[in-house]
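[1] quick one: sequence plus predicted model below, questions after.
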Amino acid sequence: MSAMKAYYSVIQYCPNRSRLEAANIGVLLLCPEAQFVRARTAANNARVRRFFNKDSFDLDTKRINATKKAIERRLATDNQSFRTPEDLVRFIDTRANEIVLTPPRPMKVSNPEADLDHLFDELVGGPARQPRKGAAEVVPELDRIFHRPSLRNRVLFDQEVQVPVVERSLRIPYAFRNGVLNLVKPQAFSNDVNAATRAAMSLAITGDLLRRHPNEQGKEARLVVVPAITPAACDVVERVRAVLSEYCVRTVLPEDITEFGEEIERTAHA
């Protein structure tokens, strides 16, 4: 395979930008010719702990891990927006927390996937993060809304919520506060009415338990489900929405996502 021009950026943890000290936690590779853009991040934060004295500052591992996942998901769901190095620069410029990306550097690649692995081994090392099995579905339009710069400091990503009574955890990709904590969960449903009904009933009970049992701070949580259903399956859509509404679980259909985004912009607060 002939060589292609590509650009890579190192993903770094930099708790104090004025000191210019950073630990590499991942790498991003863009190859416009192959329409390839992807990030590979560290499975753990051992490198950060080695680089910085872990006793000298409060290492927020949950926030670091959430940011790593968010970068990977953004590239996966919005890859059409990354076609030139200038697109990558604009993405890098949106970073405003302790996770930063270095300016793109040119390189030649022949197999982008393999070359990304090589870059990760060379610049980061150790095991790479693997997407969790059963991870929440991704709805690209919804994902773009939550990654708007205007919402950066008003939303939470990749939350693990404990469901009362049943004592199990629920992975929530997006959350925002507007008087209550809204837990936004994209969910794929089968086109089979019976199978979709069973899935909706499970989510309905989960949402009801979260609503009726405030957390330790006395804050109420509300589950918001964004179904991924074939548009033609109208009977499934209506059944899912009916079941969820009986338990006060809000449903945001694909055609309502834009309006939902406007609502989040108006009402979400830090």
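    Okay, I see it. Everything numeric in this text was worked out from a predicted model, so none of it was measured.

[2] C31 touches A6, doesn't it?
    Yes: judged on Cβ atoms under 8 Å, C31 makes contact with A6 at a distance of 4.0 Å. No exception for glycine: its C-beta is placed from N, CA and C like everyone else's.

[3] show me the domain layout of this structure.
    As given by automatic domain parsing, the domain ranges for the chain are 4-123, 140-267.

[4] so how far is stretch 173-181 off the chain centroid?
    15 Å (Cα atoms, centre = their mean, to the nearest Å).

[5] my bad, should have said stretch 164-173
    That offset, for stretch 164-173, works out to 18 Å (Cα atoms, centre = their mean).

[6] and for stretch 155-172?
    15 Å.

[7] check stretch 116-130 too.
    That offset, for stretch 116-130, works out to 20 Å (Cα atoms, centre = their mean).

[8] quick one: average pLDDT of it?
    Mean pLDDT, stretch 116-130: 89.

[9] identify the contacts common to C31 and A6.
    Residues touching both C31 and A6 (Cβ atoms under 8 Å, 6 or more residues apart in numbering): V109, P112.

[10] quick one on the thing from earlier: which of the domains of the chain has the lowest average pLDDT?
    domain 4-123 (a mean of 84).

[11] what's the spacing between that one and its chain's center?
    That offset, for domain 4-123, works out to 15 Å (Cα atoms, centre = their mean).

[12] list the contacts of H269.
    Contacts of H269 by Cβ under 8 Å, 6+ apart are R154, R177, N178.

[13] rerun that using 6 Å as the cut-off
    By Cβ atoms under 6 Å, 6 or more residues apart in numbering, the contact list for H269 reads R177.

[14] quick check: it vs L151, distance?
    H269 sits 11 Å away from L151, going by Cβ to Cβ, to the nearest Å.

[15] same for the host helix or strand of A76, what does it pack against?
    According to DSSP states H and E, A76 maps onto helix 61-77. Applying 3 or more Cβ pairs under 6 Å, 6 or more residues apart in numbering; DSSP states H and E, we find helix 61-77 packed against strand 36-41, strand 155-163.
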